[in-house]
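In: Can you look at this prediction? I've put the sequence above it.
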Amino acid sequence: MRICFHELAKYDLDDAIEWYDLQLPGLGDRFKNALRQTVDKIGGHPFWFPHEEDGIYKAYIPKFPYKVLFTIDADGINVWAIAHMHRKPGYWQNRH
């Protein structure tokens, strides 16, 4: 199934990687790898994941306080945000 990242979700990712690398060199790569594994799971079984709200699914990134927020439609999976779970809830909602 095709997975498409919203432009601002890519920014979320870059911002998180940069922040983690400032905390500890290489930690950004670990975050990126954990995200990649999560996205692979989403691609394989998108309906496994719980709803954040109506029509929006969420997948937690293991060992990091982030979740991937996505929708599923006929064209594939749309990732709207890679959101920190304790900062600015709902900031991404105007993206979809």
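Out: Arrived safely. Residues are numbered from 1 along each chain as shown.
In: list the buried ones in stretch 10-23?
Out: 12-13, 16-17, 20-21 (16 or more other C-beta atoms under 10 Å). From N, CA and C alone the C-beta is placed, and that goes for glycine too.
In: Redo those residues as JSON lines? Include distance to Lys41.
Out: Output for those, formatted as JSON lines (distance: C-beta to C-beta, whole Å):
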{"residue": "Asp12", "distance to Lys41": "18"}
{"residue": "Leu13", "distance to Lys41": "17"}
{"residue": "Ala16", "distance to Lys41": "18"}
{"residue": "Ile17", "distance to Lys41": "20"}
{"residue": "Tyr20", "distance to Lys41": "21"}
{"residue": "Asp21", "distance to Lys41": "24"}
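In: quick one: which of these is nearest to Glu52?
Out: Asp12 (14.7 Å; C-beta to C-beta).
In: Setting aside sequence neighbours, what's the nearest residue to that closest one?
Out: Ile82 (4.1 Å; C-beta to C-beta, 6 or more residues apart in numbering).
In: Would you confirm that the one you found contacts Phe70?
Out: No. Look at Ile82 against Phe70 with C-beta atoms under 8 Å: they stay out of range, at 9.9 Å.
In: Show me what the helix or strand bottoming out on mean pLDDT in the chain is in contact with.
Out: Scoring the helices and strands of the chain by mean pLDDT, DSSP states H and E places strand 51-53 at the bottom, with a mean of 90. Applying C-beta atoms under 8 Å, 6 or more residues apart in numbering, the contact partners of strand 51-53 are 57-58, 67, 69.
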